[in-house]
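# have a look; sequence and predicted model below, questions after that.
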Amino acid sequence: MINVGVLGATGAVGQRFVELLADHPWFKLTTLAASDRSAGKPYGKIVKWRLDTPFPENIGKIKVVPTSPSAMKNVDLVFSALPADIATATETEFADAGIAVCSNASSHRMEPTIPLVVPEVNPEHLGLIDVQKDTGRDGFIVTNPNCSTIMMVTALAPLRKFKFTDIRVATMQAISGAGFEGVAAMAIYDNVIPYIGKEEEKMETEALKIMGTLKGKKVVNAPFKVSASCHRVPVIDGHTMAVWADIKEPLAKIRKAYMDYKPPIKGLPTQPAESVHFFDEEPDRPQPRLDRMRGRGMTVSVGRLREGVRFVAMGHNTIRGAAGASVLNAELIVKKKYL
């Protein structure tokens, strides 16, 4: 078993990390870090558990520690659910102290030597870990993308053999993506908010790095353009998006690509049986309420495939799009023997 910890363990994504790691077959959750005012107290006493799954009682007695490498000396890897402004320096401190970091924060995603990974899409980008280690650093940082970007690139994975230069996407994003206190009730009820800060920029840049090619010590961006329009809607969990790709192949070929799709990796505990579920016959799917927990929240669902190429994609934003993505990355890191 590999000893792991969670940074930012009391927030929305932090709680998802705790949920996924409480009984993980490869990782032993030994350390939880939060704010200084929570340090020294049992996790079960200070966390306001807000997930729709029972609180993992085996974790409740773990005493919370400060968010510093010196307080987490007995862990090999930490999962970061820190806000971006705090994560920038803190994650670097952990990596410099010899601890591996799997981060859900946006701080380091676009740095040239740090992998931005979705295991089903670009597992080879973990090679950038070697570039980090070449600098003399014992630890390293691996990031997962923005939650909406993850849904889009995973939905596009079966289509990578086709030529396209233009991707357009319009998202309908769940309120949980803004955190427990992120969207006021009076702002979102009976409403759609047509703006999410920096979300469009993340989708338009991160996708190019993820679907790019690792050449030597750097990633060459994918040769297409993404145009995004992002919107917050009154759904609790599950980001839905309409995607347009300028693929000229017959629709039958596109459908077959989804039906035949097999991810390039297997054997990871958090990986679902289907990384992409394709709704071929049902014209009104996917839907967040019906499909977000497919594959224990790790499956991206695709439907409404039409000429163009146009389709709808959906996935659970705090599982597949956040904590689950980081845990899957960590499993791939173990499989590739970087720990």
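Perfect, thanks for sending it.
# what's the nearest residue to Gly324 if we skip its chain neighbours?
When the adjacent residues along the chain are set aside, Gly324 lies closest to Met298, with 5.2 Å between them (CB to CB, 6 or more residues apart in numbering). The C-beta positions use only the backbone N, C-alpha and C, and glycine is treated the same way.
# give me every residue that touches that neighbour.
By CB atoms under 8 Å, 6 or more residues apart in numbering, the contact list for Met298 reads Thr270, Gln271, Pro272, Ser275, His316, Ile319, Arg320, Gly324, Leu328.
# show me what contacts Gln287?
Shown in contact with Gln287 (CB under 8 Å, 6+ apart): Thr240, Met314.
# now, which of the contacts of Met298 sits nearest Val233?
Lowest distance from Val233 to these (CB to CB) belongs to His316, with 14.9 Å.
# got TSV for the contacts of Met298, with distance to Ala39 and pLDDT too?
Shown next, in TSV, are those (distance: CB to CB, whole Å; pLDDT from 0 to 100):
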residue	distance to Ala39	pLDDT
Thr270	29	98
Gln271	34	97
Pro272	36	97
Ser275	38	98
His316	31	98
Ile319	28	98
Arg320	31	98
Gly324	27	98
Leu328	29	98
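# restricted to helices, list the residues you listed.
Secondary-structure check on the contacts of Met298 using DSSP state H: residues within helices are Gly324, Leu328.
# for the contacts of Met298, name the two members farthest from one another.
When the contacts of Met298 are compared pair by pair using CB to CB, the maximum separation belongs to Gln271 and His316, at 14.4 Å.
# for the contacts of Met298, which one is nearest Ile236?
Using CB to CB as the measure, the one of these that approaches Ile236 most closely is His316, at 10.4 Å.
# can you give me the neighbour number for the closest one?
By the measure other CB atoms under 10 Å, the count of residues near His316 is 29.
# now Val75
Residues contacting Val75 under the criterion other CB under 10 Å number 22.
# how about it, phi and psi?
Listed backbone geometry of Val75 is phi -110, psi 150, with angles given as degrees, to the nearest 10.
# same thing with the one 3 residues further on?
For Val78, the backbone dihedrals are phi -120, psi 150 (criterion: degrees, to the nearest 10).
# hey, what's it bridged with?
The bridge-partner assignment for Val78, based on DSSP bridges, gives Gly5, Val101.
# can you pull out the strands in the protein?
All strands of the chain, identified by DSSP state E, fall at 2-7, 27-34, 64-66, 77-80, 100-103, 140-143, 166-172, 213-215, 218-220, 225-229, 239-245, 276-278, 300-306, 310-315.
# circling back to that earlier point, tabulate the contacts of Met298 (TSV), appending distance to Ala97.
Converted to TSV, the contacts of Met298 look like this (distance: CB to CB, whole Å):
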residue	distance to Ala97
Thr270	26
Gln271	30
Pro272	33
Ser275	34
His316	32
Ile319	29
Arg320	30
Gly324	26
Leu328	24
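# of the contacts of Met298, just the buried ones, ChimeraX syntax please.
This is how ChimeraX selects the buried members of these, with burial counted by 16 or more other CB atoms under 10 Å:
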select :270,271,272,275,316,319,320,324,328
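# out of the contacts of Met298, which comes closest to Gly136?
Leu328 (28.4 Å).
# so who does the closest residue to that closest one other than its chain neighbours touch?
Nearest residue to Leu328 in three dimensions, chain neighbours excluded: Thr270, at 4.7 Å (CB to CB, 6+ apart). Residues touching Thr270, when contacts are defined by CB under 8 Å, 6+ apart, comprise Leu20, Met298, Gly324, Val327, Leu328, Glu331.
# from Lys335, how far off is Leu32?
When CB to CB, to the nearest Å is applied, the distance between Leu32 and Lys335 equals 25 Å.
# look up the pLDDT of Trp26 for me, please.
Trp26 is assigned a predicted lDDT (pLDDT) of 98.
# tell me the contacts of it?
Taking CB under 8 Å, 6+ apart as the definition of contact, the neighbours of Trp26 are Met1, Ile2, Pro269, Glu331, Val334.
# so the fourth one makes contact with Leu268?
Yes - counting by CB atoms under 8 Å, a contact exists between Glu331 and Leu268, whose distance comes to 4.1 Å.
# measure the nearest residue to Arg160 once chain neighbours are set aside to Thr154 for me?
On the basis of CB to CB, 6+ apart, the spatially nearest residue to Arg160 that is not a chain neighbour turns out to be Met211, at 7.1 Å. Distance of Met211 to Thr154, given as CB to CB: 11 Å.
# what do you get for Ser275?
Here Ser275 is placed at a distance of 6 Å from Thr154 (CB to CB).
# joint contacts of the two?
With CB under 8 Å, 6+ apart applied, the overlap between the contact sets of Ser275 and Thr154 consists of Glu120, Val300.
# that older thread, tell me which of the contacts of Thr270 is nearest to Val220?
Closest to Val220 out of those is Leu328 (24.2 Å), distances taken as CB to CB.
# so what's that closest one up against?
By CB under 8 Å, 6+ apart, Leu328 lies in contact with Pro119, Leu268, Thr270, Gln271, Met298.
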